[in-house]
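[1] Below: sequence and its predicted model.
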Amino acid sequence: MIESDPAVKLSRNEGLKHTHPALAGSIASTLNNPELDRFSEDDYEFLKFHGIYQQDDRDLRKTGKKYIFMVRGRLPGGLVTPTQYLAFDDLASRHGNNTLRITSRQGFQFHGVVKSGLGPLMKGIHHALATTLAACGDVNRNVMAPPTPSMNQLGDQVLHDARLVSDALLPMTPAYHQIWVEEVKLDLTPESQRDYVDPLYGKTYLPRKFKIAFAIPPLNDVDVFTNCLGFVAVAEADRLLGYNLLAGGGLGMSHGNAQTFPRLADVIGFFPPDQLVAVARGVLTIHRDFGDRTNRKHARLKYVIEEQGADWFRAELENRLGFRLAAARPLKFVSQGDLFGWHQQRDGRSFLGLHVQAGRIGDANGCRLKSALREIVELFQPEIRLTPSQNLILANVDPAAMNTITSIFERHGIAVAHQGTPTRRAAMACPAMPTCGLALAESERFLPELITRIEGMLVELQLDNLEIVTRMTGCPNGCVRPYLAELGLVGKGPGRYQIYLGGNASSTRLNRLYRESVKDPDLIGELRPVLARYARERQPEERFGDWCSRALWQDPQPGAA
């Protein structure tokens with residue numbers, strides 16, 4: 001346990017957390033100072049625990065920095081009530097850049113917020129009975145769960161369990177409400193904060209972020225193997241018997257650093273539903289106690305398990321739980337992704353799966369999605385569900401309203417029946433430029449153009465009905481999970497990308513690096529020969545990622561796991 005060894009030099013973040021364990025820093029005083037447009041470098045780290053990233057508009061750097069903020073909501077399972085959605089829509093218009101962005105972890109992000117708008121935005125989110133606490137920072141992040149409205153009772157139970165775990169792993173710091181909700185002028189000096197200890201996380205929280213997802217086979221719509229902790233439902237006749245426990249997944253890496261790498265989770269064992277919270281707490285505390293606090297690039301749970309081994313991890317967890325896990329039950333995933341168009345729920349009501357390009361809900365380029373959604377939610381009060389693939393579901397819709405809703409979308413330039421090609425619907429991108437300070441290359445702004453070029457190439461090769469799961473990020477941190485994609489594009493520098501090939505339809509296999517640094521005008525030229533070979537050589541029903549794994553990487557069993 002590195003933290004207790006005085007001979008080990010801890011990272012800067014560990015020192016900050018030790019000095020300010022209540023996570024307040026000097027946020028309150030800066031917030032109330034109208035002469036300041038930004039927070040200190042120390043407070044930059046504390047803001048993350050409150051769901052806020054301080055950024056600057058990188059398009060304007062040549063003329064001077066303009067500081068802006070990204071605010072991320074924590075919405076377990078991506079569930080949003082009609083009242084909350086309308087509040088978020090209004091807050092994005094008044095305090096953000098008039099867009100809402102769906103994250104790859106089923107949350108909402110507000111972009112372009114200036115410092116004077118932070119307080120009203122945060123209070124508005126609270127009044128909508130939502131929160132941004134623990135949406136970022138060295139704590140458990142938003143808990144993911146299958147978003148598709150249940151066709152049986154199992155889906156409702158798993159969503160309930162996801163929310164249960166989310167609540168159980170929340171940090172308890174009073175600073176969040178004192179600063180953003182109560183606006184109480186309390187003594188939040190370093191001295192007054194120093195003795196605070198979170199009952200679960202301890203004084204210095206986790207070494208890095210922690211991610212949890214729930215999945216229901218055979219659909220892996222949450223990419224469960226990429227999480228620090230995964231719960232895979234095991235059922236019999238739609239009755240939940242328990243969960244297979246997965247641990248040690250994570251995709252973030254750094255260019256040129258061989259000690260960092262994407263990793264899929266190990267299958268650890270099986271346990272009954274009544275032990276769920278105890279297991280979640282047990283896994284989290286192993287990360288808390290054994291994670292690397294000297295090097296944040298090496299501080300994820302995946303490295304603990306990679307180096308100590310799955311058997312060690314299971315024994316340590318069982319010791320903390322006071323009982324043994326059973327052997328894992330058989331599990332098999334066959335696909336990932338969302339349903340689009342109209343479908344029926346188990347209760348007879350309907351839901352609509354809606355493709356949202358790169359997760360950005362706004363009004364632009366003849367597609368007035370934000371306006372359409374506001375009108376529909378005001379009129380029909382559907383539940384909103386955000387998906388891990390950055391799409392949106394309107395749930396609990398009266399079938400009698402389907403035609404009217406379809407017409408409203410069409411009036412705003414959105415076709416419900418034909419929501420783009422399969423490849424376009426399966427594409428994801430992180431925000432990258434101009435807001436993310438880590439971005440090395442474009443992503444969200446480049447994705448539409450790139451997909452159009454790929455679609456044209458697929459038509460030429462007579463592959464136009466093909467789905468290729470394509471994911472693009474502006475840096476190697478992998479926020480939209482590019483290392484699982486059939487085609488992954490990872491920013492290496494301005495206008496340059498790594499190409500990864502060979503993920504599978506079930507998101508259970510990592511792809512591999514195909515080209516190291518390709519300029520954006522040359523991407524199609526690099527991909528064309530590969531896709532031409534695929535068109536000639538593929539077996540019946542063989543997906544592009546499986547062909548790449550078999551033909552390029554000589555994997556003898558490239559199919560879904």
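    Nice, I can see it.

[2] Distance of residue 481 relative to residue 389?
    Distance from residue 481 to residue 389, counting by CB to CB, to the nearest Å: 10 Å. Any C-beta I mention is one placed from the backbone N, CA and C, and that applies to glycine too.

[3] and for these two, which residues touch both?
    104, 428 (CB atoms under 8 Å, 6 or more residues apart in numbering).

[4] Relative to residue 341, how far out is the most centrally placed residue in the chain?
    Closest to where the C-alpha atoms of the chain average out (CA atoms, centre = their mean) is residue 105, at 2.6 Å. Distance, residue 105 to residue 341, using CB to CB: 24 Å.

[5] returning to what we had before: what number of residues lie near the closest residue to the residue nearest to the centre of the chain other than its chain neighbours?
    For residue 105, ignoring the flanking residues on the chain, the nearest one in space by CB to CB, 6 or more residues apart in numbering is residue 142 at 4.7 Å. By other CB atoms under 10 Å, the residues close to residue 142 number 26.

[6] so where does residue 142 fall, helix or strand?
    Following DSSP states H and E, there is no helix or strand that holds residue 142.

[7] again with residue 213
    With DSSP H and E as criterion, residue 213 is part of strand 212-215.

[8] The very next helix or strand once past that strand: which residues count as buried?
    Next in sequence after strand 212-215, counting helices and strands by DSSP H and E, comes strand 229-236. Using 16 or more other CB atoms under 10 Å as the test for burial, strand 229-236 gives 229, 230, 231, 232, 233, 234, 235.

[9] Save these as TSV, and put in pLDDT too.
    TSV is the format used below for the buried residues of strand 229-236 (pLDDT from 0 to 100):
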residue	pLDDT
229	98
230	98
231	98
232	98
233	98
234	98
235	96
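
[10] between the residues you listed, which is closest to residue 151?
    residue 235 (12.4 Å; CB to CB).

[11] Verify the stated contact: the closest one with residue 154.
    Yes: applying CB atoms under 8 Å, one finds residue 235 in contact with residue 154, separated by 5.2 Å.

[12] Okay, and residue 352 sits in which element?
    strand 350-354.

[13] And the residue nearest to residue 495 when sequence neighbours are not counted, how close does it get to residue 446?
    The spatial neighbour of residue 495 that comes closest, neighbours along the chain excluded (CB to CB, 6+ apart), is residue 520 at 5.0 Å. Residue 520 is 7 Å from residue 446, where distance means CB to CB.

[14] quick one on the thing from earlier: just name the closest of the buried residues of strand 229-236 to residue 264, please.
    Nearest to residue 264 among the buried residues of strand 229-236, with distances taken as CB to CB, is residue 230, at 9.8 Å.

[15] Isn't the closest one up against residue 246?
    Yes: with contact defined as CB under 8 Å, residue 230 counts as touching residue 246 (3.3 Å).

[16] Which neighbours do the two have in common?
    224, 265.

[17] Wait, the residue nearest to residue 105 touches residue 163, no?
    No: using CB under 8 Å, residue 142 makes no contact with residue 163, being 11.0 Å away.

[18] quick one: common contacting residues for these two?
    residue 76.

[19] any idea of the pLDDT on residue 335?
    With respect to pLDDT, residue 335 scores 96.

[20] ditto for residue 153
    For residue 153, the predicted pLDDT is 87.

[21] and what of the one 4 residues further on?
    In this model, residue 157 is scored at 96, pLDDT.

[22] now residue 557
    At residue 557, the pLDDT recorded in the model is 55.

[23] could you pull out the helices for the stretch 1-150 of the chain?
    Assigned by DSSP state H, counting those that start in this stretch, the helices in the stretch 1-150 of the chain fall at 12-19, 27-31, 41-49, 82-95, 115-127.

[24] Turn the ones you listed into JSON lines, columns for distance to residue 295.
    JSON lines is the format used below for these (distance: least, CB to CB, whole Å):
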{"stretch": "helix 12-19", "distance to residue 295": "11"}
{"stretch": "helix 27-31", "distance to residue 295": "27"}
{"stretch": "helix 41-49", "distance to residue 295": "16"}
{"stretch": "helix 82-95", "distance to residue 295": "37"}
{"stretch": "helix 115-127", "distance to residue 295": "31"}
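
[25] As TSV, those with distance to residue 366, mean neighbour count and mean pLDDT would be great.
    Compiled in TSV, these are given as follows (distance: least, CB to CB, whole Å; neighbours: other CB atoms under 10 Å; pLDDT from 0 to 100):
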stretch	distance to residue 366	mean neighbour count	mean pLDDT
helix 12-19	45	17	95
helix 27-31	39	19	94
helix 41-49	36	20	97
helix 82-95	20	19	98
helix 115-127	28	18	97
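
[26] right, so of the ones you listed, which gets closest to residue 216?
    helix 82-95 (24.5 Å).

[27] Now do that closest one: everything it contacts.
    Under CB under 8 Å, 6+ apart, the answer for helix 82-95 is 73, 80, 98-100, 108, 110, 113, 117-118, 120-121, 124-125, 127-130, 370, 373-374, 377-378, 381-384.

[28] Identify, from the buried residues of strand 229-236, the entry nearest to residue 286.
    residue 229 (9.9 Å).

[29] so who does the closest one touch?
    Residue 229 touches 210, 211, 212, 213, 245, 246, 247, 265, 280, 283, 284, 301, counting by CB under 8 Å, 6+ apart.

[30] sorry, back to before: out of the helices of the stretch 1-150 of the chain, the one nearest residue 254 is which?
    Per CB to CB, nearest to residue 254 of the helices of the stretch 1-150 of the chain: helix 12-19, 16.2 Å.

[31] got the angle between the closest one and helix 41-49?
    Orientation check (axes from the mean of the first three to the mean of the last three CA atoms, to 10 degrees): helix 12-19 against helix 41-49 gives 80 degrees.

[32] Which strands or helices does helix 12-19 pack on?
    If you count contacts as 3 or more CB pairs under 8 Å, 6 or more residues apart in numbering; DSSP states H and E, helix 12-19 packs onto helix 41-49.

[33] how many degrees apart are the helix or strand where residue 240 lies and strand 229-236 in direction?
    Taking DSSP H and E as the definition, residue 240 sits inside strand 239-247. Per the same axes, to 10 degrees, the angle that strand 239-247 makes with strand 229-236 is 150 degrees.

[34] Need the residues that contact stretch 393-411.
    By CB under 8 Å, 6+ apart, stretch 393-411 touches 147-149, 338, 342, 344-345, 348-354, 372, 375-376, 379-380, 382-387, 415-417.

[35] Produce a PyMOL select command limited to the buried residues of those residues.
    To isolate in PyMOL the members of the contacts of stretch 393-411 that are buried, counting by 16+ other CB under 10 Å, one can use:
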select buried, resi 147+148+149+338+342+345+349+350+351+352+353+354+372+375+376+380+382+383+384+385+386+387+416
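
[36] Filter the contacts of stretch 393-411 down to the ones in strands?
    If you go by DSSP state E, these have 342, 344, 350, 351, 352, 353, 354, 383, 384, 385, 386 in strands.

[37] mind listing what the last one touches?
    It stands for residue 386. By CB under 8 Å, 6+ apart, the neighbours of residue 386 are 75, 78, 80, 102, 103, 106, 107, 108, 147, 392, 393.

[38] at 10 Å instead, please
    73, 75, 77-80, 100, 102-108, 142, 144, 147, 356, 359, 392-393 (CB atoms under 10 Å, 6 or more residues apart in numbering).
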